[in-house]
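# could you work out the structure for the sequence below:
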Amino acid sequence: MLLGKSFNGSTMGITVKFFANFREAVGQERVEVAAVRDVAALLDELVRQFGERMADQLYESGSKKLRETVNVLVNGRGINLLSGLDTKLKDGDVVAIFPPVSGGTS
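Model (predicted):
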């Protein structure tokens, strides 16, 4: 569910920041998502809200396997260093989703 509200009316939940092609797919820089238990459930909610274009960018064709080119960070740490798609989420967490980053010249 997107845009959860706390009892005092302020937004609560998990902040999801989108970069590059993910930002283009959703048409916004960030969203607030409430009531998800882990990264897998968060990605399912994003696909439900934003459709097939999001699914195509996140997952390998015809599967729920995250593309190797997708980077997901929870509070600045890659999910590959945590519990992968099973990484637990809680209110106040910040999740960033972006494609591979390369750059610079030597």
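# A34: neighbour count?
16 (other CB atoms under 10 Å). For every residue, glycine as well, the C-beta is placed using N, CA and C.
# and the strands in this structure?
Using DSSP state E, the strands of the chain run over residues 4-5, 11-12, 14-18, 30-33, 71-74, 77-78, 94-98.
# out of these, nearest to V39?
strand 71-74 (6.2 Å; CB to CB).
# give me the helices and strands touching the closest one, please.
Contacts defined by 3 or more CB pairs under 8 Å, 6 or more residues apart in numbering; DSSP states H and E place strand 71-74 against helix 39-50, strand 94-98.
# which strands border it, and is each parallel or antiparallel?
strand 77-78 (antiparallel), strand 94-98 (antiparallel) (DSSP bridges).
# using TSV, lay out those strands together with mean pLDDT.
Output for these, formatted as TSV (pLDDT from 0 to 100):
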stretch	mean pLDDT
strand 77-78	97
strand 94-98	97
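# and the ones you listed: which comes nearest A34?
Nearest of the strands paired with strand 71-74 (CB to CB): strand 94-98, 13.0 Å.
# alpha carbons of the closest one, as CSV, please.
The C-alpha atoms that make up strand 94-98 are tabulated as CSV, following Å, rounded to 0.1, in the frame of the first residue of the first chain:
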residue,chain,number,x,y,z
VAL,A,94,15.0,4.0,3.1
VAL,A,95,15.3,1.7,0.0
ALA,A,96,17.1,2.9,-3.1
ILE,A,97,16.7,1.1,-6.4
PHE,A,98,19.0,1.8,-9.3
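# can you list contacts of it?
With contacts defined as CB atoms under 8 Å, 6 or more residues apart in numbering, strand 94-98 is touched by 14-20, 22, 39, 42, 58, 70-76, 89.
# among the helices and strands packed on strand 71-74, which is nearest G62?
Ranking the helices and strands packed on strand 71-74 by proximity to G62 (CB to CB) places helix 39-50 first, at 13.7 Å.
# hey, C-alpha coordinates of that closest one in CSV?
Provided in CSV are the C-alpha atoms of helix 39-50 (Å, rounded to 0.1, in the frame of the first residue of the first chain):
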residue,chain,number,x,y,z
VAL,A,39,12.2,-6.4,0.2
ALA,A,40,10.4,-9.1,-1.9
ALA,A,41,7.0,-7.8,-0.7
LEU,A,42,8.1,-4.2,-1.4
LEU,A,43,9.0,-5.1,-5.0
ASP,A,44,5.7,-6.9,-5.4
GLU,A,45,3.9,-3.8,-4.2
LEU,A,46,5.9,-1.6,-6.6
VAL,A,47,5.0,-3.9,-9.5
ARG,A,48,1.3,-3.9,-8.4
GLN,A,49,1.3,-0.1,-8.3
PHE,A,50,3.4,0.7,-11.4
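# nice, that's everything, thank you.
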